[in-house]
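A.B. asks: no letters, just coordinates:
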């Protein structure tokens, strides 16, 4: 994948997002294109990242430790094209992960507890324990393939990964962080995992894409579950739904008001509220959003980054 092809792919996403005043709808549109762009993004990362860390400092704040120990707070890059990508630890130290890498959403990830950093490698995918020396490798990627993070379990013990080829997901993998073991879950044809709940896959039927709907049918551990948003749309003709799972809750964005609806695993609506910023993902502190670089959850500001940063917070996987 050439640099120009990569830039074109991200320009397309940027332009599409700019067509919508509603950030939730823009996010849904981008997620419909995530597989093809993920391959391009990973290709760019692999072209410039030869190891897990760059040890020379890029600014006075960057740690020079080759393998810093700590807990990850965020990953970010300050612009869409050509900016370096940083890992920030909870103690404020920054580590340069790569220069002129593809934007981090979609290929770099932090576990919900901030302990594990995941990133693609030339042979597949790698997870590094930020609090120790453990590094797990796998699964393996073939020629022209890429492996990207898809969804975390809330307890940080399991990461669901997706294998892409030619812009399509061909396989899913479950990475057990307690053992380093990788297995292949059974995902029925025509279904896509949207999260993990109590160790079980939450599946969405792809036939529901592209059809305006206020109701979404899911399968949770083999059991049918219906999310009913009332008069709010969960799926539009452009894309969606934007569904995430954290612990015992299913989070769904409704259009066009940037409304977050929280459901139980049985499909019962628990609460809904307006998001005051760009959606990032659920956490123990509440749903995380970014507003002009200020990252907050549950109405509390967590930290601040450059205004136009592309940001990955713990637990965030798919772009």
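C.D. replies: Nice, I can see it. Predicted model, so just to flag it, every value in this text is computed and none were measured.

A.B. asks: give the buried residues for the helix or strand hosting residue 270.
C.D. replies: Assessed by DSSP states H and E, residue 270 sits inside strand 269-274. For strand 269-274, the neighbour count (16 or more other C-beta atoms under 10 Å) marks residue 272 as buried. The way it works is simple: take the backbone N, C-alpha and C, and place the C-beta from them, glycine included.

A.B. asks: any weak-confidence spans in the protein?
C.D. replies: 1-68, 102, 319 (pLDDT under 70).

A.B. asks: ok so, going back, which residues are contacting the helix or strand following the strand holding residue 270?
C.D. replies: Next helix or strand after strand 269-274 toward the C-terminus (DSSP H and E): strand 278-283. Residues from elsewhere that reach strand 278-283 (C-beta atoms under 8 Å, 6 or more residues apart in numbering): 23-24, 27, 112, 242, 244, 246, 249, 251, 253, 258, 260, 287-291, 295, 297, 311, 313-316.

A.B. asks: what does stretch 189-207 give?
C.D. replies: In contact with stretch 189-207 (C-beta under 8 Å, 6+ apart) are residues 150-154, 158, 160, 169, 172, 185, 187-188, 216-222, 241, 243-248, 250, 265.

A.B. asks: quick one: buried residues of it?
C.D. replies: Neighbour count says stretch 189-207 has 192, 193, 194, 195, 196, 197, 200, 201, 202, 203, 204 buried, by 16+ other C-beta under 10 Å.

A.B. asks: quick one: the strands in the stretch 201-319 of the chain?
C.D. replies: 215-220, 223-228, 243-246, 249-254, 259-264, 269-274, 278-283, 286-291, 294-297, 300-304, 310-312 (DSSP state E, counting those that start in this stretch).

A.B. asks: in a markdown table: these, plus distance to residue 87.
C.D. replies: Formatted as a markdown table, those follow (distance: least, C-beta to C-beta, whole Å):
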| stretch | distance to residue 87 |
| --- | --- |
| strand 215-220 | 33 |
| strand 223-228 | 34 |
| strand 243-246 | 22 |
| strand 249-254 | 25 |
| strand 259-264 | 27 |
| strand 269-274 | 30 |
| strand 278-283 | 16 |
| strand 286-291 | 17 |
| strand 294-297 | 15 |
| strand 300-304 | 13 |
| strand 310-312 | 9 |
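
A.B. asks: out of these, nearest to residue 92?
C.D. replies: The minimum distance between residue 92 and these falls on strand 300-304, with 9.2 Å, by C-beta to C-beta.

A.B. asks: tell me what that closest one is packed against?
C.D. replies: Judged by 3 or more C-beta pairs under 8 Å, 6 or more residues apart in numbering; DSSP states H and E, strand 300-304 is in contact with strand 294-297.

A.B. asks: could you rerun that using 10 Å?
C.D. replies: Under the contact definition 3 or more C-beta pairs under 10 Å, 6 or more residues apart in numbering; DSSP states H and E, strand 300-304 sits against strand 72-77, strand 286-291, strand 294-297.

A.B. asks: got a list of what residue 188 touches?
C.D. replies: 201, 203, 205, 219, 222 (C-beta atoms under 10 Å, 6 or more residues apart in numbering).

A.B. asks: tell me how far the second one lies from residue 282.
C.D. replies: Put plainly, it is residue 203. For residue 203, the distance to residue 282 equals 19 Å [C-beta to C-beta, to the nearest Å].

A.B. asks: helix/strand/coil for the residue nearest to residue 91 when sequence neighbours are not counted?
C.D. replies: Spatial nearest neighbour of residue 91, excluding adjacent residues (C-beta to C-beta, 6 or more residues apart in numbering): residue 70 at 5.9 Å. Secondary structure for residue 70, judged by DSSP: H, G, I helix; E, B strand; the rest coil, is coil.

A.B. asks: shouldn't residue 70 be in contact with residue 114?
C.D. replies: Yes - with contact defined as C-beta atoms under 10 Å, residue 70 reaches residue 114; the gap is 8.3 Å.
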